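Novice: what's the 3D shape of this:
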Amino acid sequence: MVKQRSELRQMIIAAVLIAVNVVVSRVFVIPVPMTNGYLNLSDGLIIVAALLMGTKWGAAVGGLSGFLLDLFAGYGQYMFFSLIIHGLEGLVAGSALHFENKYVRFLIVVASALLMVVGYWLVDTFLYSPAAGLAGIIPNLFQAGAGVLVALILLPIFRDRLAIK
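Specialist: Presented below is the predicted three-dimensional model:
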């Protein structure tokens, strides 16, 4: 019974993080004219969720946040790609919990954000052209860096407030 409550609590926290991520990422949007896309802060909350809750919930929060963001923003062509890319981002970031060394953890978090950049480069190249893929690299690097920074700022706050074990 206690395990079921813990699992239910984690599921509720993940659902709230997904909802908050979608709302915050839709409110704070930075349009990128050269790619016809936008930048948002979703990566920060995906990383926070992964570092609080591990690989499974990190992947769920990442994938569903990315999917819903694209759905609500009118980027239907990206929805399923975002489900996979941001899901993998959360999965990789959550794997940092398996390491004690804080520098290794940081490198894994940075790698998860860079995975997002590579993922969208591949998707833009596939959907549009190699030039479109290249045009998205710099904005996506900026979004990835901002996501890591936001995660580093928010993680201690969320950890104290949620007390997830």
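Novice: what pLDDT, on average, does the helix or strand hosting residue 152 get?
Specialist: Here residue 152, judged by DSSP states H and E, is contained in helix 137-162. Averaging pLDDT along helix 137-162 gives 91.
Novice: next SSE after the least confident helix or strand in the chain by mean pLDDT?
Specialist: Sorting the helices and strands of the chain by mean pLDDT, DSSP states H and E puts strand 37-39 at the bottom, at a mean of 72. The C-terminal neighbour of strand 37-39 among helices and strands, as given by DSSP H and E, is helix 42-53.
Novice: In PDB, list the C-alpha atoms belonging to that next one.
Specialist: C-alpha atoms of helix 42-53 as PDB (Å, rounded to 0.1, in the frame of the first residue of the first chain):
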ATOM      1  CA  SER A  42      10.800  23.600 -21.300                       C
ATOM      2  CA  ASP A  43      14.200  22.000 -21.100                       C
ATOM      3  CA  GLY A  44      14.800  23.500 -17.600                       C
ATOM      4  CA  LEU A  45      11.800  21.800 -16.100                       C
ATOM      5  CA  ILE A  46      12.400  18.600 -17.900                       C
ATOM      6  CA  ILE A  47      15.900  18.400 -16.400                       C
ATOM      7  CA  VAL A  48      14.500  19.300 -12.900                       C
ATOM      8  CA  ALA A  49      11.900  16.600 -13.200                       C
ATOM      9  CA  ALA A  50      14.500  14.100 -14.300                       C
ATOM     10  CA  LEU A  51      16.900  15.000 -11.500                       C
ATOM     11  CA  LEU A  52      14.100  14.800  -8.900                       C
ATOM     12  CA  MET A  53      12.300  11.700 -10.100                       C
END
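Novice: counting contacts, what elements does the helix or strand that that helix is followed by pack onto?
Specialist: Toward the C-terminal end, the helix or strand that comes next after helix 42-53 (DSSP H and E) is helix 55-73. Judged by 3 or more CB pairs under 8 Å, 6 or more residues apart in numbering; DSSP states H and E, helix 55-73 is in contact with helix 2-27, helix 42-53, helix 79-94. Every C-beta, even on glycine, is put in place using the N, C-alpha and C of the backbone.
Novice: chain center to helix 55-73, what's the gap?
Specialist: On the basis of CA atoms, centre = their mean, to the nearest Å, helix 55-73 is displaced by 7 Å from the centre of the chain it belongs to.
Novice: What of stretch 113-121?
Specialist: Offset of stretch 113-121 from its chain centre (CA atoms, centre = their mean): 11 Å.
Novice: Can you report how many residues neighbour residue 93?
Specialist: 32 (other CB atoms under 10 Å).
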